[in-house]
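In: need the 3D shape of this:
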Amino acid sequence: MIIEKYSNICSAGGDEEEIRKCIKDEVKGHVDELKVSPMGNLIAVKKGSRGDRSILLTAHMDEVAFIVKSIEKEGLIKFYPIGGLLTKTLIGKAVQVGKKKLPGVIGHKSYHLMPQQERKKVPELKELSIDVGASAKEEVKDISPGDYVYFRSRFFTQNNCYFGKAFDDRAGCSAVTEVLKSFKGDKRPGLSIIATYTVQEEVGLRGGATAAYGRRDILFNLNLEATTCSDREIKKTYSPSTVSGEGPAISFMDRTSIAQRKLVDFVTEVAGKHSIPYQFKKTVTGGTDSGAIHLTEEGVPSITVSVPVRYIHAPWGILNIKDFINYITLAKAVVHEAENFNR
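Out: Numbers count the residues shown, from 1 in each chain. All right, here's what the predicted structure looks like:
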């Protein structure tokens, strides 16, 4: 299963080599061109029957993780976050450190050792350490500042849901791969597909900022993402961002971009035509690669479609399988009908 394979790989911003190689091996027999940009984006091109226009299909390869800051004399490892992470989700979580995947645990002062008032506070990240069982710095072998730290979460399926890490945005990468693999034999899309798996989205949309440069033939960008699913987290009097089981979420606006109304209408019309359930993302916080792509050169019409993930940007996420299937189905339908979009 592609989503399982991609989820279990550990690749954060600046360290995307393993996921890039895996994706490259998965798609290489299904595309006409395959290259890596100087920034590190993996670009896969499937030529269309029309040679004049293309669709830019994007998803980011990187995940939230950590990087080693220092090793203390007591043998504890201090670290920085790569991407947005909440400290209160980290304590006691299993991680792996460095190229040799040294197991460790994110530690903090025990409950029994805290005064009553301290128990009520959320610790700052600088108060946490990774404990690998060493009692001195010299015992921490093969680890140095700049090494990466990843959650040790492993993919599994339960109650019609996928459980795992890095669904943001390995779900999107899986969907892009499935779109490319849907053109079998001599079958070709109407528009050429420029499928770009980007780097360093979680630290500033950096791969997305270069994805559309030099491509004046792009009709529009379909950015495939994972997004917040707050149906279990907020009071019933509030509208959740998305609801698990109600289909892929279309973003009309977020902190970094506003989708053109005609592009929103096009995607919803395609969904309606093919009887694909969908929902609108009801919050407008956060940002995606669309925020960088739509500002490229003279501008690129861009829209983000996401799959809802509970507990996103945490050691574990939960993804509804029905949502994931409909998400891929919608991505395929939009790509197949892309030449009908009138910009």
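
In: alpha carbons only for contacts and neighbour counts from here, please
Out: Noted.

In: show the pLDDT at the residue nearest the centre of the chain.
Out: Centrality entry for the chain: nearest residue to the mean C-alpha point is D169, 1.5 Å, by CA atoms, centre = their mean. With respect to pLDDT, D169 scores 95.

In: which SSE is K24 in?
Out: Counting by DSSP states H and E, the element that carries K24 is helix 17-27.

In: okay, now the residue lying closest to E127 once chain neighbours are set aside: neighbour count?
Out: For E127, ignoring the flanking residues on the chain, the nearest one in space by CA to CA, 6 or more residues apart in numbering is H108 at 7.0 Å. When neighbours are defined as other CA atoms under 10 Å, H108 has 16 of them.

In: returning to that earlier point: so which elements touch the helix holding K24?
Out: In terms of contacts (3 or more CA pairs under 8 Å, 6 or more residues apart in numbering; DSSP states H and E), helix 17-27 is packed against strand 42-46, helix 167-181.

In: show me where the stretch 101-250 of the chain has helices.
Out: Ranges of helices in the stretch 101-250 of the chain, per DSSP state H, counting those that start in this stretch, are 116-119, 167-181.

In: now these in JSON lines, with distance to A12?
Out: Compiled in JSON lines, the helices of the stretch 101-250 of the chain are given as follows (distance: least, CA to CA, whole Å):
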{"stretch": "helix 116-119", "distance to A12": "32"}
{"stretch": "helix 167-181", "distance to A12": "11"}
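
In: which one of those has the lowest average pLDDT?
Out: Minimum mean pLDDT among the helices of the stretch 101-250 of the chain: helix 116-119, a mean of 76.

In: quick revisit: my read: the residue nearest to E127 touches K88, true?
Out: No: H108 lies out of contact with K88 (CA atoms under 8 Å); the separation is 10.7 Å.

In: isn't E4 up against F155?
Out: Yes: the criterion here is CA under 8 Å, and E4 meets it with F155 at 5.9 Å.

In: next, the contact list for R154, please.
Out: Residues in contact with R154 (CA atoms under 8 Å, 6 or more residues apart in numbering) are S7, N8, G164, K165.

In: try it again with 7 Å
Out: N8, G164 (CA atoms under 7 Å, 6 or more residues apart in numbering).

In: how close does it sit to A338?
Out: According to CA to CA, to the nearest Å, R154 stands 36 Å off from A338.

In: thinking again about what came up before, may I see the buried residues of the next helix or strand after the helix holding K24?
Out: Remark: after helix 17-27, the chain's next helix or strand is strand 33-36, criterion DSSP H and E. When neighbours are counted by 16 or more other CA atoms under 10 Å, the buried residues of strand 33-36 are found to be L34.

In: residues making contact with strand 33-36?
Out: Contacts with strand 33-36, where a contact means CA under 7 Å, 6+ apart, come from L42, I43, A44, V45, K46.

In: and that strand, how far from the chain's centre?
Out: 21 Å (CA atoms, centre = their mean, to the nearest Å).

In: so what strands line up beside it?
Out: strand 42-46 (antiparallel) (DSSP bridges).

In: next, the angle helix 17-27 makes with the partner strand.
Out: With axes from the mean of the first three to the mean of the last three CA atoms, to 10 degrees defining the directions, strand 42-46 sits at 10 degrees from helix 17-27.

In: buried residues in the helix or strand bottoming out on mean pLDDT in the chain?
Out: Taking mean pLDDT, DSSP states H and E as the measure, the helix or strand of the chain with the lowest value is helix 116-119, at a mean of 76. Buried residues in helix 116-119, defined by neighbour count with 16+ other CA under 10 Å: none.

In: returning to what we had before: where's the residue nearest to E127 relative to G133, distance?
Out: Counting by CA to CA, the gap from H108 to G133 is 14 Å.

In: now swap in I67 and tell me
Out: Distance of I67 to G133, computed by CA to CA: 19 Å.

In: between the two, who's got more neighbours?
Out: I67 (20 against 13).

In: give me the secondary structure label for the more buried one.
Out: Secondary structure for I67, judged by DSSP: H, G, I helix; E, B strand; the rest coil, is strand.

In: which intervals of the stretch 201-343 of the chain have sub-threshold pLDDT?
Out: Residue ranges of the stretch 201-343 of the chain with pLDDT under 70: 233-239.

In: and the strands in it, which stretches?
Out: Remark: strands assigned in the stretch 201-343 of the chain by DSSP state E, counting those that start in this stretch are 218-228, 249-251, 279-280, 302-309, 317-320.

In: pairing partners for the fourth one, with directions?
Out: Counting by DSSP bridges, the strands paired with strand 302-309 are strand 218-228 (parallel), strand 249-251 (antiparallel).

In: and for it, what's in contact with it?
Out: Residues from elsewhere that reach strand 302-309, judged by CA under 7 Å, 6+ apart: 220-229, 242, 244, 248-251, 259, 290, 294, 317-319, 323-324, 327.

In: could you dump the helices and strands packed on helix 17-27 to a markdown table with distance to Y148?
Out: As requested, these are exported to a markdown table (distance: least, CA to CA, whole Å):
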| stretch | distance to Y148 |
| --- | --- |
| strand 42-46 | 21 |
| helix 167-181 | 18 |
